[in-house]
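Student: Task: produce atomic coordinates for the following.
(3 chains)
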Amino acid sequence: MVDTNVIVAEGIVKTYDDSGVPVHAVRGIDYTLTKGEFTAIIGPSGSGKTTFLNVLAGLDTPTEGKVWLSGKLISEMSGRELSDFRRDHIGFVFQAYNLFPVLTVEENVEYIMLLQGIPPAERHKRVMNSLEKVGIAEYATRLPLQLSGGQQQRVAVARAVVSRPSLVIADEPTANLDSKTSGALLDMMRKLNEETGMTFLFSTHDEIVIQRAKKIVVLRDGKLDGNTSPEKFE
Amino acid sequence: MLLKLAWRNVFRQKRRTILTLLTMTGGFFLSSISIGWMNGSYGSIIMFFTNGRTGQIQIHHSGYLEDPSIYSTISDYQSIGAVLDSLPGVRTWAPRIYSGALLAVRSGDAESGNVFSNSAAASVIGLDPSMEDAATDFSSNIVSGGMLTASAADSFYYATGQIILGQELSIILDASAGDSLIMLSQAADGASADRKYVIQGIVSTGNADIDRNTCYITLADARIMFALSGKVHELAVMTNSLGTVDDLTEDISARLSGRDVETDSWKTFAKEFYNGMKADESSLKVMIFIIMFVAAMGVLNTILMMVLERRREFGVMKALGTKPGFIVRMIVLEANIMGIISIIAGSILSTGGLLFLSKHGLVLDPPINYGGTVFSEMIASISPDCYWIPAICVIITASTVSFLPALKAAHTKAAKSLRTV
Amino acid sequence: MKYLTIIFTMICIPGFISTACSQPDIDDLVHSLDRLYRSDDSYTEMSMHIVTEHWERTLTMNAWSHGTDNTFIRVLSPVREAGMATLRIGTEMWNYLPNTNSTVRVPPSMMAGSWMGSDITNNDIVREITYAEDYTYSYTTDTDLTGDTAEGVVYVRLVPKSSTAVVWSSIVCAVSISDTIPLWEKYFDSHDSLIKTVTYSDVQEMGCRTIPSQMQVIPAYNEDQSTTITWSNAEFNQGVDENIFSLRNLQSR
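Tutor: Here you go, the predicted structure:
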């Protein structure tokens, strides 16, 4: 059963210091994410969604508790190990797209494989493959700022999935998009999930995302407040 | 990819980059011009100083420089001269005899007869009139009267009984061209020697200290006066250019090894002058440092702004698994790309500026007096120093100034920088 | 400088004779040193032997003196310099040069220079100084200054008064107690480094007084160099024609 668990988190507590005032962002969460899930973590602003996601993604270390990702205990890794681990195991999609403005679409997607040291021919093949999957292969040589928000976010998704990570984490991916674009983006991601079995974890409060999630996790005041399906949630 | 990223990042903020480039190019240009100008004016000061008096290289009997004694003589100077004539770097050379004497002139009243009561101690330089003119253009400094008559041969029998006085010395003695004077001294054989001379001319070398206590007679006269048959104290060597002096000194020294002589460059025998030049050179270094410091502040400002603006981007890079070293290298590279562009632009500008300054020197008003020699114009010279020194300064500046901000950028916390939308 | 007076202005007064071997009264001793060669007038015949690293030569000369102001010296040999003469009147000094038949005044800047290439300076010839008036003095037993001490010899340390313009800071004089004749004088600079040594020797009866007939000057900077003056004849207080001390006499051969 272990190999089907992408994430196992035990007793996660995250307290950070906000100008001398301790903020208890996450107050003890046990959580397991299994392979192939397409799960949205929802909750009101300040419920600790982003903090929780950062801890799971190895961008932040928990104050207490342990996180295993693909069977590795990432909550106790050094910065350097984490950096390599993220590069090889996690794909990120950010709310603000966060593409490199000086690189073309193609180069943005290629970037991680470059860090991984994959040979050029292989890189090119995978880049084009990813761009085709997200449906913007024709814009490969454009710069991000020459694309619309939805197109940019598709590039971001292509960048996130290109190195076939165990997990794709998307933090509010639709926050800057209109509903039609959001829906198309989510359908595309869901399709990727179903075709490749890649695991997706979202944080969101967007209806469009929630509707398309296979599973919903509700976070309230830094604690899990139920684990439900979208249908139940509605 | 690193280069691509850095290159493109440089041109993201075009206006700011151009301003930074202007600062760095300006720093390069100013440093380059300063070096060229200083080198040029040093060169001309040194050539002026050495050509007018000392030569760039001197040959003496071993130990003469430490203890200039009338007995430390070179006896076979003609054969040394033949060696010098065979060297292409040597323009010309001049033999000299140095000694001291008491000079006395009749006082103004007609009654004085043979009593020479206006007297003064003086350095006596024995020289070969035509060789000295070829070497130092001695005649051009004669302000009244004329040059010593060149001897028909370098021989004992061709004494002229002529003397030239430094201008201040002639004033002290109240003597002018045409007057006769008595020179009293001691010859190298210990005997007292006295001879009568007719003042042939008055010379003003531009150095009042020298003109106050120096007189000049021909080599032949000096030999009789000081019992130095066939001998000289010094050979002053004039070279074609300052740059070859050190090599030439070594070459001459090697060719004359075996003889009991020493060969020195102006850096040794005009030590005070040389040290003065070196002191000026260190003030040039301070100046370049200040110029580069100002430029560095501009670059630092740009890099700091850039790092601040791109904080989120560095966060994303970190999140995607980019190592800190990559980010440091990228930013330092960005600064150096700007540096290299500045060096190229600066070199082009500097070449133009230096070419101009090497043709049209800066007129000094008031003129400066250096070691008794007056300079009224400073001319630049173009040398590799004008390029590689500022270039290295620019690269070092760009690298050091960008390193700390780069380190800061490299340690951006991904989680934190991404949170701030 | 003491020995100058010695050379050119000798007096015919019997030397001070000490009655005991004990240390004599220092005032008497210094006055007797001053009196040793001082005279109203004098005529001496001497030779000067100069030795340097590069050459060695001997000059013979006659000298006349009158009072403390006037000195006249005529060189007799060698031939090249025969007829050269030096006249001093007070602090003025003139050289007659037969070769060019000219008389040259020695300027103040040359007064520290060598006289006739010897270790005696022009100043030494011009200056008229007495130990009793121009120096403060005391006996010294400082062996750093005196070197090895001898029986029957006293050592006087003379320090020039501030008004006395000389280039040395002290003189140590070794004097034989029995006849108050000086044996040597050492000249020191302000760091008590030796500048030169003057030794007196060959005491003889000359011009009806007992005096050292030889004096040697050895500069400290080169001990191989020396100037030795030997008197062959001396007459004191026999009267001297004052016309000798004139520019006209200087220029007559």
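
Student: Now do the helices in the stretch 1-150 of chain C.
Tutor: With helices called from DSSP state H, counting those that start in this stretch, the stretch 1-150 of chain C shows them at C:2-8, C:26-36, C:122-126, C:131-134, C:143-146.

Student: now swap in the stretch 301-421 of chain B and tell me
Tutor: B:311-319, B:324-359, B:385-410, B:414-419.

Student: quick one, which of those is packed in tightest?
Tutor: Of all the helices of the stretch 301-421 of chain B, helix B:311-319 carries the top mean neighbour count, a mean of 23, counting by mean count of other Cβ atoms under 10 Å in any protein chain shown. Using the backbone N, CA and C atoms, a C-beta is placed for each residue, glycine as well.

Student: what bits of chain C have low per-residue confidence?
Tutor: Low-confidence segments of chain C (pLDDT under 70): C:1-22, C:126-128, C:253.

Student: what residues does it put near chain B?
Tutor: Neighbours of chain B within chain C, by Cβ under 8 Å from any Cβ of the partner chain: C:50, C:52-57, C:78, C:80-81, C:84, C:94-95, C:97, C:99-107, C:109-110, C:113-114, C:116-117, C:247, C:251.

Student: Let's check: the centremost residue of chain A is which one?
Tutor: With distances taken as Cα atoms, centre = their mean, the residue of chain A nearest its centroid is A:Ile169 (1.0 Å).

Student: I'd guessed that residue sits against A:Leu53; true?
Tutor: Yes - A:Ile169 is in contact with A:Leu53 according to Cβ atoms under 8 Å; the separation is 6.1 Å.

Student: Identify the contacts common to these two.
Tutor: A:Leu201 (Cβ atoms under 8 Å, 6 or more residues apart in numbering or on different chains).

Student: who touches the helix or strand that contains the residue nearest to the centre of chain A?
Tutor: Using DSSP states H and E, A:Ile169 sits in strand A:167-171. The contact list for strand A:167-171 (Cβ under 8 Å, 6+ apart) reads A:6-7, A:33, A:50, A:53, A:56-57, A:69-70, A:89-95, A:157, A:160-161, A:189, A:198-204, B:418.

Student: and B:Ala101, that's in a strand?
Tutor: Yes - counting by DSSP: H, G, I helix; E, B strand; the rest coil, B:Ala101 is found in a strand.

Student: Who are the contact partners of it?
Tutor: Neighbour list for B:Ala101: B:121-122, B:124, B:183-185, B:215, B:225 [criterion: Cβ under 8 Å, 6+ apart].

Student: Which of these fall within helices?
Tutor: Counted as lying in helices by DSSP state H, out of the contacts of B:Ala101, are B:Met225.

Student: and residue 6, how many neighbours?
Tutor: No chain in the question, so chain A it is. Per other Cβ atoms under 10 Å in any protein chain shown, the neighbour tally for A:Val6 reads 22.

Student: nope, chain B
Tutor: Neighbours of B:Ala6 under the rule other Cβ under 10 Å: 20.

Student: How about C:Met110?
Tutor: Per other Cβ under 10 Å, the neighbour tally for C:Met110 reads 23.

Student: can you tell me how far it sits from B:Ser123?
Tutor: Distance, C:Met110 to B:Ser123, using Cβ to Cβ, to the nearest Å: 13 Å.

Student: Just want the residue of the stretch 101-250 of chain C that's nearest chain A.
Tutor: Nearest to chain A in the stretch 101-250 of chain C, going by Cβ to the nearest Cβ, is C:His191, at a distance of 71.5 Å.

Student: Doesn't that residue belong to a strand?
Tutor: No - checked against three-state DSSP, C:His191 lies outside a strand; its state is coil.
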